[in-house]
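[1] return atomic coordinates for the entry below.
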Amino acid sequence: MPSKVAIVVPIGPKPHHAQWLAECLDSIVAQSDPADVVVIVDDMHGVDPAAMAPLYAAGLDYTIYRPPWLLGVGSAFNHGCAVAFNAGADLALMMGADDVLGPQLVAGLRRQYEREGGRVGYYWHDTHYQDGNQQRLPCNNASMTPGFLRTTGGLPVEAAAGGMDAALISAMLVHWPESLIHVDEPGAFVWSRQHPDQERERLRMYDGVNGGVRNIITNTYAPAAWGRSLP
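    Model (predicted):
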């Protein structure tokens, strides 16, 4: 049976969080291999269902998940992935509402996952930045499997002040390096927008503690032990 790929897009509460949503959705529609489901996490933004017109017109299966309180970006990704997995997805691709998917990303991700035999992991993709630079390192431009979320708990909310992806990857490099799987396929990348962000200025005061929090998460990491978990 072919693997099922979901795309998870959180949209935060401020107006600029949806400023480039149309380009984001257009890149989802333009995939050479369509996603099986799209999960829009309305993180107290008030997403207008009419904004989903490109997904509807393309015949894509999508849902708008509206949590009852503000989650923040890391928790929004974790919740969105859980929604996708409960809908039967094998992989949940996390992308920002201001980013653009390379046209072969879903196809390349699906091929990589099937080459790995459906291996549990954090499937990371290359990042192409607006200024022309490229990054070939694991970051938040990645996809989780249900088993990865079940084992790790996903992006660590303890690092909510900044660098949740860096904290997670740091812990995985030490404790579970084989879970980090590179999707090395032509056209399988995320184009990341670089724009002035007033929130980064607000969060800059936490720069001095983020490294310490990352180290604590890395040093104390243990597989999640939950009484109830994803199937």
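
[2] and residue 101, what does it touch?
    By Cβ atoms under 8 Å, 6 or more residues apart in numbering, residue 101 lies in contact with 7, 27, 28, 30, 31, 93, 95, 190, 191. Just so you know, the C-beta spots here come from the backbone N, C-alpha and C atoms, and that holds for glycine as well.

[3] quick one: buried ones out of those?
    7, 27, 28, 31, 93, 95, 190, 191 (16 or more other Cβ atoms under 10 Å).

[4] picking that back up, now secondary structure and distance to residue 224 too, for the contacts of residue 101, in a markdown table please.
    Formatted as a markdown table, the contacts of residue 101 follow (DSSP: H, G, I helix; E, B strand; the rest coil; distance: Cβ to Cβ, whole Å):
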| residue | secondary structure | distance to residue 224 |
| --- | --- | --- |
| 7 | strand | 24 |
| 27 | helix | 32 |
| 28 | helix | 30 |
| 30 | coil | 36 |
| 31 | coil | 31 |
| 93 | strand | 22 |
| 95 | coil | 24 |
| 190 | strand | 27 |
| 191 | strand | 32 |
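
[5] looking at the residues you listed, which is nearest residue 170?
    Residue 170 lies nearest to residue 190 out of these, by Cβ to Cβ, at 20.6 Å.

[6] and the pLDDT for that closest one?
    With respect to pLDDT, residue 190 scores 94.

[7] how far away is the closest residue to it other than its chain neighbours from residue 175?
    Distance criterion Cβ to Cβ, 6 or more residues apart in numbering; nearest residue to residue 190, sequence neighbours excluded, is residue 141 at 4.2 Å. Separation of residue 141 from residue 175 (Cβ to Cβ, to the nearest Å) stands at 22 Å.

[8] looking at the two, which one has more neighbours?
    Legend: neighbour count by other Cβ atoms under 10 Å for residue 141 and residue 175, higher for residue 141 (25 against 14).

[9] list the buried residues for stretch 87-95?
    By 16+ other Cβ under 10 Å, the buried positions in stretch 87-95 come out as 89, 90, 91, 92, 93, 94, 95.

[10] let's have those in JSON lines, adding distance to residue 124 and pLDDT.
    Conversion of those to JSON lines gives the following (distance: Cβ to Cβ, whole Å; pLDDT from 0 to 100):
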{"residue": "89", "distance to residue 124": "17", "pLDDT": "97"}
{"residue": "90", "distance to residue 124": "16", "pLDDT": "97"}
{"residue": "91", "distance to residue 124": "12", "pLDDT": "98"}
{"residue": "92", "distance to residue 124": "13", "pLDDT": "98"}
{"residue": "93", "distance to residue 124": "11", "pLDDT": "98"}
{"residue": "94", "distance to residue 124": "10", "pLDDT": "97"}
{"residue": "95", "distance to residue 124": "13", "pLDDT": "95"}
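
[11] turn those into CSV, including secondary structure and distance to residue 145.
    Shown next, in CSV, are these (three-state DSSP; distance: Cβ to Cβ, whole Å):
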residue, secondary structure, distance to residue 145
89, coil, 9
90, coil, 7
91, strand, 6
92, strand, 8
93, strand, 11
94, strand, 12
95, coil, 17
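
[12] just the residues you listed now: which is nearest residue 225?
    residue 92 (22.2 Å).

[13] could I get the full set of helices for this structure?
    21-29, 53-57, 73-86, 105-115, 146-152, 164-175, 198-203, 207-220 (DSSP state H).

[14] by mean pLDDT, show me the worst of those helices.
    When these are compared by mean pLDDT, helix 198-203 comes last with a mean of 59.
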